[in-house]
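**Student:** Generate a structure from the sequence data that follows.
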Amino acid sequence: MTEINLIKIKQEKASEISGLFELSELGQSLLTQDVTPAEFIEKLIQEECFTDCINFIAYGLPKREATWWACLCARSCQSTQMNPKDAKAVESAEAWVYKPIQENAKAAFIAAEATDFKTAAGWAATAAFWSGDNLSPLDDNIVLPSPDLTAKAVAGAIMLAASQDGAAQVKNRKQTFIRQGIDIAKGGDGRKVVQ
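**Tutor:** All right, here's what the predicted structure looks like:
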């Protein structure tokens, strides 16, 4: 088995990432001391531990790449006509990805609030906001985000996107989204992955 080169995931051991979130029992049983992130992802896919795999990639990717992944997934679950609030949320999150400055992070939060945090697009925008430098609405009062917030929002966005078309499509959507996440982790943009 040829190991995939995940250039965006800097941790050498899967345990450095898996300790950041709660793995399922099956996921825990697949985790060995020396397993690399790429090997662990392959094991999770083989055992159909798709939720664990999504979480693992979300926590392993840098914030910009993870937020981009959430944006791709949010866009893919929309029909040809995305509702205006979701469209604004994804556009705001993408603006932060393209230019990760605090002004764009704050704009993403405003767009996320408009979705009532009920959609994949809203959580993609939340990921952008939680990736910023300050959670406070006041510029002179700095409230640093917890390092795990972005990954939580990204995983939430992806899970919501996967369930968008009902239970029958969840497994297929998760598999597609995982392929996108792997492509991003390999240095790609995730767009070439076939739905």
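**Student:** Could you report the separation of the most centrally placed residue in the chain from Ala66?
**Tutor:** Closest residue to the average C-alpha location of the chain: Val154 at 3.2 Å, with C-alpha atoms, centre = their mean. For Val154, the distance to Ala66 (C-beta to C-beta, to the nearest Å) stands at 5 Å. Any C-beta I mention is one placed from the backbone N, CA and C, and that applies to glycine too.
**Student:** what touches both of the two?
**Tutor:** 58, 127 (C-beta atoms under 8 Å, 6 or more residues apart in numbering).
**Student:** State the mean pLDDT of the lengthiest helix in the chain.
**Tutor:** Within the chain, and with DSSP state H defining each element, the longest helix by residue count is helix 167-185. Per-region confidence: helix 167-185 scores 94 on mean pLDDT.
**Student:** For that helix, list every residue counted as buried.
**Tutor:** For helix 167-185, the buried set under the neighbour-count rule, 16 or more other C-beta atoms under 10 Å, comprises 170, 173-174, 176-185.
**Student:** that older thread, so whichever strand or helix holds the residue nearest to the centre of the chain versus helix 167-185, what angle?
**Tutor:** In this structure, Val154 sits in helix 149-162 according to DSSP states H and E. Between the direction of helix 149-162 and that of helix 167-185, the angle (axes from the mean of the first three to the mean of the last three C-alpha atoms, to 10 degrees) works out to 140 degrees.
**Student:** What mean pLDDT does the strand or helix carrying Ala66 get?
**Tutor:** Mapping Ala66 onto the secondary structure by DSSP H and E places it in helix 63-76. In this model, helix 63-76 has an average pLDDT of 96.
**Student:** Can you tell me which of the buried residues of helix 167-185 is nearest Asn141?
**Tutor:** Taking C-beta to C-beta as the measure, Asn141 sits nearest to Ile184 out of the buried residues of helix 167-185, at 33.8 Å.
**Student:** before we move on, the earlier item: and the helix holding Ala66, how far out from the chain's middle?
**Tutor:** The chain centroid and the centroid of helix 63-76 are separated by 6 Å, computed with C-alpha atoms, centre = their mean, to the nearest Å.
**Student:** Name the surrounding residues that touch that helix.
**Tutor:** 8, 57-58, 61, 82, 86, 89-90, 93-94, 96-97, 100, 119-121, 123-124, 127-128, 131, 150-151, 153-154, 157-158, 160-162, 176-177, 180-181, 184-185, 189-191, 195.
**Student:** go on, stretch 92-110?
**Tutor:** Judged by C-beta under 8 Å, 6+ apart, the contacts made with stretch 92-110 from elsewhere in the structure are 63-64, 67-68, 70-71, 74, 89, 111-112, 121, 124-129, 131-134, 137.
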